[in-house]
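Engineer: here's a sequence, model it:
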Amino acid sequence: MAELTVQNIAISGLNPTYSAASASGDTFTNDGRVFLHVRNGGGSQITVTIDSQVPCDQGFDHDVTIQVPAAGEKMIGPYTRRFNDDTNKVKVNYSAVTSVTVAAIRLPS
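Structural biologist: Got it, this is the predicted structure:
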């Protein structure tokens, strides 16, 4: 898994840097104010899976899956602690990575 650098939005704006989605998945440090921007430049829809680490408030440990359309993009998150592993990282997997770029972006407090 590749680790994404979390980028901070400032009052003056942010010109985010995007990384190629990793075939083995990506991780990023989460503090509850981070979301993932996924851009799919490919010709087919992809599925992004966010790995749940602990049960939700209903008692189920279920991952979250998001469909990103062909030639489309999605802003996903922010994430609660339910998605943090023991090092406060969120784990993300992709059904395909060709022409897919991602950025982890933190909202200001």
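
Engineer: can you pull the pLDDT of the most centrally placed residue in the chain?
Structural biologist: By C-alpha atoms, centre = their mean, the chain has its centre lying nearest to residue 36, at 3.6 Å. Note for residue 36: predicted pLDDT of 98.

Engineer: what's the nearest residue to it if we skip its chain neighbours?
Structural biologist: residue 76 (4.7 Å; C-beta to C-beta, 6 or more residues apart in numbering). Using the backbone N, CA and C atoms, a C-beta is placed for each residue, glycine as well.

Engineer: would you map the strands across this structure?
Structural biologist: Taking DSSP state E, the strands of the chain run over residues 2-3, 6-8, 19-20, 26-29, 34-40, 46-50, 64-68, 72-76, 89-94, 100-106.

Engineer: and the first one, which strands flank it?
Structural biologist: Taking DSSP bridges as the criterion, strand 2-3 pairs within the sheet with strand 26-29 (parallel).

Engineer: same question for the last one.
Structural biologist: Each strand pairing with strand 100-106, determined using DSSP bridges, is listed with its direction: strand 6-8 (parallel), strand 19-20 (antiparallel), strand 34-40 (antiparallel).

Engineer: so where's this protein uncertain?
Structural biologist: Low-confidence segments of the chain, defined by pLDDT under 70: none present.

Engineer: including distance to residue 82, could the strands of the chain go into JSON lines?
Structural biologist: As requested, these are exported to JSON lines (distance: least, C-beta to C-beta, whole Å):
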{"stretch": "strand 2-3", "distance to residue 82": "20"}
{"stretch": "strand 6-8", "distance to residue 82": "18"}
{"stretch": "strand 19-20", "distance to residue 82": "25"}
{"stretch": "strand 26-29", "distance to residue 82": "15"}
{"stretch": "strand 34-40", "distance to residue 82": "14"}
{"stretch": "strand 46-50", "distance to residue 82": "10"}
{"stretch": "strand 64-68", "distance to residue 82": "10"}
{"stretch": "strand 72-76", "distance to residue 82": "14"}
{"stretch": "strand 89-94", "distance to residue 82": "10"}
{"stretch": "strand 100-106", "distance to residue 82": "17"}
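
Engineer: before I go, just wanted to say thanks for your time.
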